[in-house]
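Colleague: Pasting the sequence and the predicted model now:
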Amino acid sequence: MKFPFHDQDSAPDASKPLLVQSQKAFGRLPGLHKVLAESPQAYEGYQLLHKLFTETDFNADELTVVWQSINVEHECHYCVPAHTGIAKMMKVSDDITDALRNETALPTAKLEALRTFTVQMVRERGNVSEAQMKAFFDAGYGHRAVLDVILGLAQKTMSNYVNHVAETPVDEVFQPLEWKRSDTPLKV
């Protein structure tokens, strides 16, 4: 069954202020937000998780590594192109973006450790080993970063799963950045 894609006219009343915020922030209504508007609580929860994750100690490169590592691992047809465009807006280098999209080596060992740990968290459903935690800590991250990766994972799991079940079409602005996973997923 097709999910509704809401606008100001069709959205539940509690979602209308959230749609106004999205329109102001993006100059348009992203498809994901149109879907989320069906549940004002899910929509507000997603926006809050996004806001909180962007307020962590992670810099733009690190935020992008966490987001895209999860998007790629979940094979989100919508979020990979969207976060490619967002990374450009955040002035993240194309080398980082391309490596994340193509599952090839990142330019620094620290970013690679962040990607590896993030993917391990996804694949192991949080049950990472002591050795995996030690490798993450040895790369220069600490306990707070572990918790912040989990926060990013909560946000991206929400958006990735919504886009899967709703089959959200890629926004026109991001269509030139469409993505399909390679035949050889990242080995961690």
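Modeller: Done, it's in. Just so it is clear, the model here is predicted, and its values are computed rather than measured.
Colleague: and stretch 165-177, which residues are buried?
Modeller: 166, 168, 170-171, 174, 177 (16 or more other CB atoms under 10 Å). All C-beta atoms are positioned from the backbone trio N, CA, C, and that covers glycine.
Colleague: Next, the buried residues of stretch 43-63.
Modeller: 43-44, 46-47, 49-50, 53, 56, 58, 60-63.
Colleague: Nearest to residue 70 among the buried residues of stretch 165-177?
Modeller: residue 168 (16.3 Å; CB to CB).
Colleague: List the contacts of the closest one.
Modeller: 31-32, 35, 78, 162 (CB atoms under 8 Å, 6 or more residues apart in numbering).
Colleague: try it again with 10 Å
Modeller: 3, 5, 30-36, 76-79, 82, 159, 162 (CB atoms under 10 Å, 6 or more residues apart in numbering).
Colleague: and these, which are buried?
Modeller: For these, buried by 16+ other CB under 10 Å: 5, 30-36, 76-79, 82, 159, 162.
Colleague: Tell me the one of those residues nearest residue 17?
Modeller: Among the buried ones among the contacts of residue 168, and counting by CB to CB, the member closest to residue 17 is residue 33, at 12.3 Å.
Colleague: Leaving out chain neighbours, which residue sits closest to the closest one?
Modeller: Once flanking residues are discounted, residue 33 sits nearest to residue 22: 4.6 Å by CB to CB, 6 or more residues apart in numbering.
Colleague: just to revisit the earlier point, filter the buried residues of stretch 165-177 down to just the ones in helices.
Modeller: residue 166 (DSSP state H).
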